[in-house]
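[1] below are the sequence and a predicted model for it; my questions follow.
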Amino acid sequence: MAIATTAETISQVSDKNQCCVALRDVSRAFDKVWLSTLKYKLNQIKLASILNKILCSFLDNRSPSISLNNYTGPPFQPDSGVPQGSSISPTLCTIYTHDIATPLTDSTNIQYADHITQIITYAGKSKNMLAKRIEREIKKNINNYENKWKIKTNTQKFTLLPKQ
């Protein structure tokens, strides 16, 4: 992600565009992935049928249980969450959020798991105009997307980096 972000930012700056980088972290992303929605999105990206079946089986054939002190509850079928620690889970999180709306037409999204970097450019010279436009568009598009897919940006980890 860092290399892609750096390359895109350098490209935009060399084209004399105003540039801002929005760094977002999806709060509790691995826990918040709704499995029925993830399966829908897996179908939408048209994976090979056998791969789709394997991934759905991976998501369905789990029965976690909760342990507290010396008590372990009965196993259950989760409605949400991908297994943390699995090598495929970051990719599944990326698939879940791959269709996030870009805040502006002149922007690029770079994603991996619960990290979303948005490089937002503006051909004009006004930094204030860029900042207002970014704030308005991020609030509108991101809020709608997050409400639709039941995820939330971790506001403690949200950062907006303007090019100086």
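    Nice, thanks for sending it over.

[2] quick check, central residue of the chain?
    Nearest to the mean C-alpha position of the chain, by Cα atoms, centre = their mean, lies residue 97 at 4.2 Å.

[3] wouldn't that one be in contact with residue 25 here?
    No. Applying Cβ atoms under 8 Å as the test, residue 97 and residue 25 come out as separate, 11.2 Å apart. C-betas here are computed from N, CA, C, even on glycine.

[4] anything in contact with each of the two?
    Residues touching both residue 97 and residue 25 by Cβ atoms under 8 Å, 6 or more residues apart in numbering: residue 116.

[5] all strands of this structure, in order?
    Listed in chain order, the strands of the chain (DSSP state E) span 18-25, 67-68, 71-72, 107-112, 115-122, 159-162.

[6] now do the helices in this structure.
    Ranges of helices in the chain, per DSSP state H, are 2-14, 29-32, 35-44, 49-60, 89-97, 127-137, 143-149.

[7] just tell me which of these ends up closest to residue 67.
    Of all the helices of the chain, it is helix 29-32 that lies closest to residue 67, at 16.8 Å by Cβ to Cβ.

[8] now do the buried residues in that closest one.
    Neighbour counts using 16 or more other Cβ atoms under 10 Å place 29-30, 32 of helix 29-32 among the buried residues.

[9] of those residues, which is the nearest to residue 109?
    residue 29 (15.1 Å).

[10] need the contact list for the residue nearest to the centre of the chain.
    Taking Cβ under 8 Å, 6+ apart, one finds 26, 29, 111, 116, 149, 151 in contact with residue 97.

[11] right, and residue 72 touches residue 65 too?
    Yes. If you go by Cβ under 8 Å, residue 72 and residue 65 touch, sitting 5.5 Å apart.
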